[in-house]
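> compute the structure for the input listed below.
(one chain, ligands or ions: 1)
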Amino acid sequence: MRKMLITLLLILAAVYCLAGCRKQDKGQSEQIREEGQTKQKEEEKKDKAAKKKAENDTQVKDAEEDDQNSEYGEQDNDSENDTNSEDETESEDETESEDETESEESRHLIVIDPGHQRVQNSDQEPIGPGASETKPKVSSGTTGVRTGLEEYELNLEVSLKLRDELLKRSYNVRMVRESNDVDISNSERAQIANEKHADAFVRIHADGLDDHSVSGMMTICQTPDNPYNGSLYLKSRALADAIFEEATRRTGAERRYVWETDTMSGINWAQVPCTIVEMGCMSNPEEDARMSTEDYQQLIAEGIADGIDRYISEIEQ
Ligand SMILES: [Zn+2]
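Okay, the predicted model is just below:
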């Protein structure tokens, strides 16, 4: 009788145990299912975040197009300036293409400012941050004595060739303008370069002198005593020197000189290394005619790009 009772108890215990295990199994499988659902939810969240990022990118792109300046090369170089949803998405995408991000960051960014615009803006702006002295926001520029070409047109033609040449050499490039019908002041042009933390801000101009016999190239930078950005003098001077040397070598243009001055708003407002390239004299009939040709414009663009290459390799040594 006692044996029977013990056997019965053992059987009952075994049945109870089995039932318990099955319940636990059920619990586990429910847990797994829940995890699956959580994963699915996370993935849905990711999809939503990706969609949001795509929408945001489009908005940022649209805004940039409204600004009338455009960036080439790797677009997200300046992600810290973009909308915050990008950070969220980035942490989720961490595993994706870190190498790619590195190579994007190692590219140098050049901001090109094709000087002037079709309609000048004679409203005044301070010649530097906090300055009481003012200058017109954008002056009209000069005109070719033989060709009648306007400086703003020539500046843009060469700048577009410089953009293409720099892209070929794997730089990131941002254009201050790609149209003549813009209204962007000289200080605003510099601020585009500042916001992008450009490695170099290169401003493309041509000269108009009273003495029509003078021809040749010149580059311009600030003095070491510039009250707004004198600390950038050494880098700007190196950039101005490198472009002066390489562009005169490539084009065979007369070598005028590197001019140091603190009278240029677009230089004074720059918080990155900056130079103005005076490509030649539109007041000299021969040089005016030469600068209007595609071939010579291409040489100028290549010469400036050679100078940028040289400057970048110098500062990296
Ligand atoms: Zn000019």
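> ok and the residue in this structure nearest the ion?
Taking CB to the ion as the measure, the chain has His205 as its residue closest to the ion, at 3.5 Å. Just so you know, the C-beta spots here come from the backbone N, C-alpha and C atoms, and that holds for glycine as well.
> so how far is Asp113 from that residue?
9 Å (CB to CB, to the nearest Å).
> what does Ser231 give?
Distance from Ser231 to Asp113, by CB to CB: 21 Å.
> give me the more crowded residue out of these two.
Applying other CB atoms under 10 Å to Ser231 and Asp113 shows that Asp113 carries more neighbours, namely 27 against 11.
> give the full set of residues in contact with the more buried one.
Asp113 makes contact with 159, 176-177, 189, 192-193, 201-204, 266, according to CB atoms under 8 Å, 6 or more residues apart in numbering.
> so which of those residues sit within strands?
Assigned to strands by DSSP state E, the following of the contacts of Asp113 qualify: 201-204.
> from these, which single one is nearest Asp262?
Of all these, Asp262 sits closest to Arg203, with 15.1 Å by CB to CB.
> hmm, who's touching stretch 163-172?
So stretch 163-172 is in contact with 71-74, 77, 107-110, 112, 173, 175, 301-302, 304-305, 308-309, going by CB under 8 Å, 6+ apart.
> now with 6 Å, please.
72-74, 77, 107-110, 112, 173, 301-302, 305 (CB atoms under 6 Å, 6 or more residues apart in numbering).
> farthest-separated two in these?
Farthest-apart pair in the contacts of stretch 163-172 is Asn77 and Glu302; separation 24.1 Å (CB to CB).
> can you give me the helices in the protein?
Counting by DSSP state H, one finds helices in the chain at the ranges 2-67, 85-92, 98-106, 151-168, 186-195, 233-251, 265-268, 285-291, 294-315.
> mean pLDDT lowest for which of those?
When the helices of the chain are ranked by mean pLDDT, helix 85-92 comes last with a mean of 42.
> got the residues of the stretch 101-250 of the chain near the ion?
Proximity of the stretch 101-250 of the chain to the ion, by CB under 5 Å from the ion, involves residues 115, 141, 205.
> try it again at 8 Å.
Residues of the stretch 101-250 of the chain that fall close to the ion, judged by CB under 8 Å from the ion: 115-116, 139, 141-142, 151, 155, 205-208.
> out of those, which is most surrounded?
Busiest of those [other CB under 10 Å] is Ala206, holding 29 neighbours.
> can you list the domains in the protein?
Split into domains by automatic domain parsing, the chain comes to 2-104, 108-315.
> span of the longest one from start to end?
Using CA to CA, to the nearest Å, the end-to-end distance of domain 108-315 comes out at 12 Å.
> picking that back up, can you tell me which of the contacts of stretch 163-172 are buried?
72-74, 77, 108-110, 112, 173, 301-302, 305 (16 or more other CB atoms under 10 Å).
> confidence-wise, which of those comes last?
Of all those, Asn77 has the smallest pLDDT value, namely 44.
> now, which of the buried ones among the contacts of stretch 163-172 lie within strands?
If you go by DSSP E, the buried ones among the contacts of stretch 163-172 have 72, 109-110, 112, 173 in strands.
> in TSV: those residues, plus distance to Arg237.
Formatted as TSV, these follow (distance: CB to CB, whole Å):
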residue	distance to Arg237
Tyr72	27
Leu109	20
Ile110	18
Ile112	20
Val173	23
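> number of residues surrounding Glu260?
17.
> can you check the pLDDT for the nearest residue to it once chain neighbours are set aside?
Nearest residue to Glu260, sequence neighbours excluded (CB to CB, 6 or more residues apart in numbering): Thr223, at 4.6 Å. pLDDT for Thr223: 98.
> please apply the same query to Thr83.
pLDDT, Thr83: 41.
> begin at 2, not 1, for the rest of this chat.
Fine by me, first position is 2 from now on; the one you just mentioned is Thr84.
> if we can go back for a sec, let me know the closest of the contacts of Asp114 to Trp260.
The nearest one, if we look at the contacts of Asp114 relative to Trp260 and count by CB to CB, is Arg204, at 13.0 Å.
> contacting residues for that closest one?
Counting by CB under 6 Å, 6+ apart, Arg204 touches 114, 116, 267, 277.
> closest to Arg291 out of the residues you listed?
Each of the contacts of Arg204 was scored against Arg291 by CB to CB, and Gly116 proved nearest at 18.8 Å.
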